[in-house]
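*Asks:* Predicted model follows, preceded by the sequence.
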Amino acid sequence: MAKASRKASERRARKRSRKHRAEVFGLAPEGRLDGPTTHTLDRRAEKIIETIIRYPELAVQTIGRDLALQQYAGTIFGRLQIIGAIDWQQRLAGEKFTTTLKQYRQGMSKYLSTRTSNFESVGGGTGTEDLSPAALKRFKRIQKRYDYARDMLNQCGEDVEQAVMNAVDREILGDLALIKAGLDVLSRS
């Protein structure tokens, strides 16, 4: 009998402990440690907004510095994800397209400079370019990936293609809806 009452008192203590944690830390009433409740988050957001309104110059500097420390802040698409404008799939698609475009342009400049620099010589180049069969195969694979991505953007329309290309090439943000539409198509390809 003593064992049963001891277990019951332990259960009551655990239940009180969960309720206390929920009140103090704003956790779910069941005591789960999976984060704050919606109500707590809303309260925190309101307080943060009040603080930003009160000290805007400090808030912008601090927030900018904190966001700059984020892992993906180095790319335009990473910054868009950080502020919640695009999701992670769209960011990955944008970064993959950026990488593909960069590789394609490097390959084209290498291929064209080799073809036009010394067309009379047997090797046909300056000797610094790598145009081995493996390098050509790699370039053809990159070219195929680039052509496919550009075709997908072309199908979306000129506005979408231009918005994505401006974001990739010049980090110029145009209409966010157009950029998101282009990134959606790229993420599905």
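*Replies:* Arrived safely, thanks for sending. This one's a predicted model, so the numbers in the text were calculated from it and none came from an experiment.
*Asks:* Am I right that L173 sits in a helix?
*Replies:* No - L173 is assigned coil when assessed by DSSP: H, G, I helix; E, B strand; the rest coil, not a helix.
*Asks:* excluding its backbone neighbours, what's nearest it?
*Replies:* Nearest residue to L173, sequence neighbours excluded (C-beta to C-beta, 6 or more residues apart in numbering): A167, at 6.2 Å. Every residue, glycine included, has its C-beta placed from N, CA and C.
*Asks:* Assess the claim that that neighbour and D175 are in contact.
*Replies:* No - with contact defined as C-beta atoms under 8 Å, A167 does not count as touching D175 (10.4 Å).
*Asks:* so the residue nearest to L173 is in which element?
*Replies:* Here A167, judged by DSSP states H and E, is contained in helix 158-170.
*Asks:* what's that helix packed up against?
*Replies:* helix 76-82, helix 88-117, helix 133-156, helix 176-188 (3 or more C-beta pairs under 8 Å, 6 or more residues apart in numbering; DSSP states H and E).
*Asks:* which one of these is the most hemmed in?
*Replies:* Counting by mean count of other C-beta atoms under 10 Å, helix 76-82 has the highest mean neighbour count of these, with a mean of 21.
*Asks:* what's the offset of that helix from the middle of its chain?
*Replies:* Computed by C-alpha atoms, centre = their mean, to the nearest Å, the chain-centroid distance of helix 76-82 equals 5 Å.
*Asks:* can you give me the mean pLDDT across that helix?
*Replies:* For helix 76-82, the mean per-residue pLDDT is 89.
*Asks:* Can you list the neighbours in contact with that helix?
*Replies:* Identification of contacts with helix 76-82 by C-beta atoms under 8 Å, 6 or more residues apart in numbering yields 67, 70-73, 86-88, 90-91, 94-95, 98, 167-168, 171, 173, 176, 179, 183.
*Asks:* per-domain residue ranges of this structure.
*Replies:* Split into domains by automatic domain parsing, the chain comes to 2-82, 88-188.
*Asks:* The longest one: end-to-end distance?
*Replies:* As for domain 88-188, its first-to-last residue distance stands at 13 Å under the measure C-alpha to C-alpha, to the nearest Å.
*Asks:* tell me the mean pLDDT for that domain?
*Replies:* For domain 88-188, mean pLDDT is 84.
*Asks:* Ok, stretch 57-65 next?
*Replies:* The predicted model assigns stretch 57-65 a mean pLDDT of 81.
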